[in-house]
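Participant: no letters, just coordinates:
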């Protein structure tokens, strides 16, 4: 028994719940070339093209170098994409190969099942987001200036909430998907447009009043600005309001996940 296993047992974590969480975490930890190397390479390219090549032309936004301005958005992009992809793939793959039946017939409650998938997927999002943040520390710190973390508690809170929210949405996606192409479409045509129009690469102040008001309907704006507030101490929307809205949205979607599991939606023929 490992140290983690003993700690979980000592803390009174239900064995079935812990086992499911552990299985889901090991599934992606044991495949680092699929989990960590792609976002590493992708973000090196983002930093190189958008930060270094275009950054000198753009100059500063809100008083900070452009490469530093986009760092929080890239952290959000990596974190939510991986949280969503992990949850949606895990649920759909379990349905596709029918091994999710073993989970459904276990003594776990539906709430425990959902939270096992949520926590394991959120952890992947946090790990990837942290990887991108560390990468940014080295690249930006080496080329421009040290990367600040002005509001660490807000940074941690936003990172946890947004990964939990997109893990919850990923479960819904995994239940709705009818084939693997559906998962790809959800990521490419729903998730990524929200991110790229979520003030990752630009400031809301650069938009016309109409476009700015329209952008505020995009929940990604609040996530990006929340993480940006954690890093830089600046935000174009109220970080406290953003955090409250995201927590509320996460609670609603997580409750929806439990309800769908109880109904057996997408889980049974």
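Facilitator: Nice, thanks for sending it over. It should be emphasised that the depicted structure is a prediction, and the values quoted were computed from it without experimental measurement.
Participant: just give me the neighbour total for residue 255.
Facilitator: Using other CB atoms under 10 Å, residue 255 has 13 neighbouring residues. In this view, the C-beta of every residue, glycine as well, is placed from N, C-alpha and C.
Participant: mind checking how far it is from residue 172?
Facilitator: Computed with CB to CB, to the nearest Å, the distance linking residue 255 and residue 172 is 12 Å.
Participant: again, but for residue 88
Facilitator: Residue 88 is 8 Å from residue 172, by CB to CB.
Participant: ok, now residue 85?
Facilitator: 13 Å.
Participant: show me which of the two is the more surrounded one.
Facilitator: residue 85 (26 against 20).
Participant: what does stretch 188-195 rub up against?
Facilitator: 73, 76-77, 80-81, 84, 166, 218-220 (CB atoms under 8 Å, 6 or more residues apart in numbering).
Participant: please redo it, this time with the cut-off set to 10 Å
Facilitator: 73-74, 76-78, 80-81, 84-85, 88, 166, 169-170, 173, 185-186, 201, 218-221, 223-224 (CB atoms under 10 Å, 6 or more residues apart in numbering).
Participant: hey, what's in contact with both of residue 85 and residue 172?
Facilitator: In contact with both residue 85 and residue 172: residue 186, using CB under 10 Å, 6+ apart.
Participant: contacting residues for residue 257?
Facilitator: Residue 257 neighbours (CB under 10 Å, 6+ apart): 87, 91, 110-111, 113-115, 117-118, 167-172, 174-175, 265.
Participant: try it again with 7 Å
Facilitator: 114, 168, 171-172 (CB atoms under 7 Å, 6 or more residues apart in numbering).
Participant: can you redo these as a markdown table with secondary structure, pLDDT and distance to residue 25?
Facilitator: What follows is the contacts of residue 257, written out as a markdown table (DSSP: H, G, I helix; E, B strand; the rest coil; pLDDT from 0 to 100; distance: CB to CB, whole Å):
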| residue | secondary structure | pLDDT | distance to residue 25 |
| --- | --- | --- | --- |
| 114 | helix | 95 | 16 |
| 168 | helix | 95 | 17 |
| 171 | helix | 94 | 16 |
| 172 | helix | 93 | 21 |
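Participant: residue 35: which of these is nearest?
Facilitator: Residue 35 lies nearest to residue 171 out of the contacts of residue 257, by CB to CB, at 18.7 Å.
Participant: tell me the contacts of the closest one?
Facilitator: Residues in contact with residue 171 (CB under 7 Å, 6+ apart) are 87, 91, 114, 117, 257.
Participant: what do you get for residue 107?
Facilitator: When contacts are counted by CB under 7 Å, 6+ apart, residue 107 touches residue 16.
Participant: just say helix, strand or coil for residue 50.
Facilitator: Classification of residue 50 using DSSP: H, G, I helix; E, B strand; the rest coil returns helix.
Participant: separation between it and residue 77?
Facilitator: Distance of residue 50 to residue 77, given as CB to CB: 12 Å.
Participant: any stretches of the stretch 151-269 of the chain with poor pLDDT?
Facilitator: 269 (pLDDT under 70).
Participant: again, only this time at 90
Facilitator: 176-219, 264-269 (pLDDT under 90).
Participant: mind listing the helices for it?
Facilitator: Taking DSSP state H, counting those that start in this stretch to define them, one finds helices in the stretch 151-269 of the chain at 152-176, 180-186, 192-196, 209-215, 219-232, 239-263.
Participant: most neighbours per residue, which of those?
Facilitator: Highest mean neighbour count among the helices of the stretch 151-269 of the chain (mean count of other CB atoms under 10 Å): helix 219-232, with a mean of 25.
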